[in-house]
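**Q** coords below, sequence missing:
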């Protein structure tokens with residue numbers, strides 16, 4: 001008599017692997033009820049699918065930000081797939097969120113990929129899910145932020161996420177951190193302040209400004225001072241603390257934070 005898996009066994013295998021009902025049932029039948037063998041069969045299927053799709057582009061996906069219960073550390077991960085249909089799937093978003101929560105224990109993408117996820121490394125879980133979903137699945141980015149207080153924001157559709165670190169925790173720290181995270185998501189600053197802008201970027205901006213001024217016929221002796229003025233405008237547009245605050249009128253991000261608590265400073269941010 002041929003083996004026929006019980007519904008409870010199929011459900012158990014689905015919960016462990018995330019595989020569909022029919023794939024779980026077929027794996028149990030092939031394994032003749034051996035649960036561990038059924039899991040191995042599903043993973044081998046994932047390896048085969050992953051090998052076949054290795055050269056595929058995975059430009060869709062979900063970006064998830066999570067913060068630890070103490071509000072002192074945030075992790076943002078980008079879990080990629082091939083189609084928007086999969087990216088919007090609840091199970092895919094849950095998987096991305098599970099990976100993000102696991103990332104809170106580490107500091108790099110490499111550490112996350114090597115970490116244990118329900119008995120197997122994250123890197124193998126990605127291969128397993130590639131077989132189950134039928135699309136190339138990969139973690140393309142991981143960013144970590146630590147500070148005395150950390151808050152985050154995920155933009156609708158899970159396409160952009162940001163987190164901001166504040167110098168201390170206070171009554172309105174959650175509100176302020178979320179508002180500034182929304183600023184980071186919307187305005188994509190290149191640095192916290194001008195001191196953190198790479199020297200090569202500053203040099204390039206000065207040269208661009210000088211070239212523009214020469215084309216306008218400005219005297220060479222005046223170029224340096226005018227170019228520095230343009231550089232200050234560049235800092236205002238592209239550094240977080242100097243940017244115009246998107247939810248306020250004619251105030252900078254730095255001044256918004258000071259208006260809530262003069263002792264608080266933004267100490268860092270991340271964005272994917």
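**A** Here it is on my side, so go on. Here the structure is a predicted model, which means the values were calculated and not measured. Numbers count the residues shown, from 1 in each chain.
**Q** show me what contacts the spatially closest residue to residue 236 that is not a sequence neighbour?
**A** Setting aside the residues directly before and after it, residue 236 is nearest to residue 242 in space (CB to CB, 6 or more residues apart in numbering), at 4.7 Å. From N, CA and C alone the C-beta is placed, and that goes for glycine too. Residue 242 makes contacts with 193, 194, 235, 236, 252, 253, 254, as judged by CB atoms under 8 Å, 6 or more residues apart in numbering.
**Q** Of the residues you listed, just the buried ones, PyMOL syntax please.
**A** Isolation of the buried members of those (16 or more other CB atoms under 10 Å) is achieved in PyMOL through the command below:
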select buried, resi 194+235+252+253+254
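**Q** Please tell me how far the residue nearest to residue 236 sits from residue 162.
**A** Between residue 242 and residue 162 the computed distance is 17 Å (CB to CB, to the nearest Å).
**Q** Ok, residue 201 next?
**A** Residue 201 sits 20 Å away from residue 162, going by CB to CB.
**Q** do residue 250 as well
**A** According to CB to CB, residue 250 and residue 162 sit 23 Å apart.
**Q** Enumerate every residue touching residue 154.
**A** 63, 64, 65, 160, 161.
**Q** Farthest-apart pair in these, please.
**A** For those, with distances taken as CB to CB, the pair at the greatest spread is 64 and 160 (10.9 Å).
**Q** So those two - more neighbours on which side?
**A** residue 64 (25 against 19; other CB atoms under 10 Å).
**Q** and the nearest residue to residue 3 once chain neighbours are set aside, backbone torsions?
**A** Nearest residue to residue 3, sequence neighbours excluded (CB to CB, 6+ apart): residue 32, at 5.0 Å. Reported as degrees, to the nearest 10, the phi and psi values for residue 32 are phi 50, psi 40.
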